[in-house]
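Trainee: build me a structure from this.
(one chain, ligands or ions: 2)
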Amino acid sequence: MQTIAIDNVSKSFGSLNVLSQVDFTIAQGEFAAIVGPSGCGKSTVLRMIAGLETASTGAVKANGTPITAPDPSRMLIFQEHALYPWRTVAKNVAFGLELSGVSKKEWSIRVNEVLDKVGLSGFQKYYPHQLSGGMRQRAAIARALVTDPEVLLLDEPFGALDAITKISMQNELLRLWEGTGKTVLLITHDIDEAIYLADTIYVMSPRPGQIVERISTEMPRPRNRNGADFVAVRE
Ligand code: ADP
Ligand code: MG
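Mentor: Ligands and ions are numbered 1, 2, ... in the order given. Alright, predicted model coming up:
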């Protein structure tokens, strides 16, 4: 399992200073969130943890080792368009396995297991356009979960969903995370979402992007917010 450290990171694209001295740590098993206005550098932070960008100064580390490349143990999930429209649900999910060393024999077992987990068993042969927005998002999450990553990086994953689907996906995410030891970093525009889901919230301000506040959400999570029987309260 992984502790992620953002050690005094600054980042420029050419003359544009995007991040300035961003410094925080997400403990293993912690659910952290970043909120902040558009363009303040949230996705850039996430992409660095995913190994898709490098810091101009400072370092991004997993368990003390600098992150230099993407790794299947750290999965980035973004909005639903991340599904390949020409691949079935099963083939989309299996794509996550192509990056890991799992043998082809194991693929369909793993794919079916994870689709079951996100409530999509029976939809293996559907194409993305045949699913609702919420189901597509579940499929995208299934694809990220199929390798059983230690770190989940979520870039506004529920932004395009209607309110009801959003709440059910939020609860689903809590259910998939709780007690697993996975480290989660969620980016969201939605402060209520951050308060509902995260242990710790980092507030960023733009030009250049900086962490201006760290908030611990010590309140237990509300019970049965959407009337479902799922309860996500930690003692
Ligand atoms: P956020 O996710 O908070 O909306 P981003 O991290 O996507 O912000 O972007 C922060 C700033 O960095 C924006 O001004 C964006 O245009 C710029 N930016 C992001 N990636 C690149 C890139 N690869 N090249 C140049 N500018 C970039
Ligand atoms: Mg972004």
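Trainee: name whatever forms a beta bridge with the residue nearest the centre of the chain.
Mentor: Nearest to the mean C-alpha position of the chain, by C-alpha atoms, centre = their mean, lies residue 154 at 2.2 Å. Beta-bridge partners recorded for residue 154 (DSSP bridges): residue 77, residue 186.
Trainee: surely it and residue 187 touch.
Mentor: Yes: the criterion here is C-beta atoms under 8 Å, and residue 154 meets it with residue 187 at 6.6 Å. (Each C-beta comes from the backbone N, C-alpha and C, glycine too.)
Trainee: what residues does the protein have near ligand 1?
Mentor: Contact residues, the chain versus ligand 1 (C-beta under 6 Å from any ligand atom): 13, 16, 18, 36, 38-44.
Trainee: repeat the analysis, applying 8 Å as the threshold.
Mentor: For the chain, the residues in contact with ligand 1 (C-beta under 8 Å from any ligand atom) are 13-14, 16, 18, 36-47, 53, 155, 187, 204, 206, 209.
Trainee: which ones among those map onto helices?
Mentor: Using DSSP state H, the members of these that fall in helices are 42-47.
Trainee: so what's the residue nearest to the centre of the chain up against?
Mentor: 77-78, 173, 184-187 (C-beta atoms under 8 Å, 6 or more residues apart in numbering).
Trainee: buried ones among those?
Mentor: Buried subset of these (neighbour count, 16 or more other C-beta atoms under 10 Å): 77-78, 173, 184-187.
Trainee: can you put the residues you listed in JSON lines and add pLDDT and distance to residue 217?
Mentor: JSON lines is the format used below for the buried ones among the contacts of residue 154 (pLDDT from 0 to 100; distance: C-beta to C-beta, whole Å):
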{"residue": "77", "pLDDT": "82", "distance to residue 217": "22"}
{"residue": "78", "pLDDT": "75", "distance to residue 217": "24"}
{"residue": "173", "pLDDT": "87", "distance to residue 217": "15"}
{"residue": "184", "pLDDT": "96", "distance to residue 217": "13"}
{"residue": "185", "pLDDT": "97", "distance to residue 217": "15"}
{"residue": "186", "pLDDT": "97", "distance to residue 217": "12"}
{"residue": "187", "pLDDT": "96", "distance to residue 217": "16"}
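Trainee: dump these to TSV, plus distance to residue 126.
Mentor: Converted to TSV, those look like this (distance: C-beta to C-beta, whole Å):
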residue	distance to residue 126
77	19
78	21
173	22
184	27
185	30
186	27
187	28
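Trainee: going by distance to residue 67, which of these wins?
Mentor: Distances from residue 67 to the buried ones among the contacts of residue 154, taken as C-beta to C-beta, are shortest for residue 185 (12.7 Å).
Trainee: quick one, strands of the protein?
Mentor: 4-13, 16-26, 31-35, 57-62, 65-66, 74-77, 151-155, 183-188, 200-205, 210-216 (DSSP state E).
Trainee: lowest average confidence across the ones you listed, which one?
Mentor: Sorting these by mean pLDDT places strand 74-77 lowest, at a mean of 87.
Trainee: coming back round to it: out of the ones in helices among the residues of the chain next to ligand 1, the closest to residue 25 would be?
Mentor: For these, the nearest to residue 25 is residue 45 (12.8 Å; C-beta to C-beta).
Trainee: centre of the chain versus stretch 32-49, how much separation?
Mentor: A distance of 12 Å separates the centroid of the chain from that of stretch 32-49, by C-alpha atoms, centre = their mean, to the nearest Å.
Trainee: what about it, how long is it end to end?
Mentor: Start and end residues of stretch 32-49 are separated by 13 Å (C-alpha to C-alpha, to the nearest Å).
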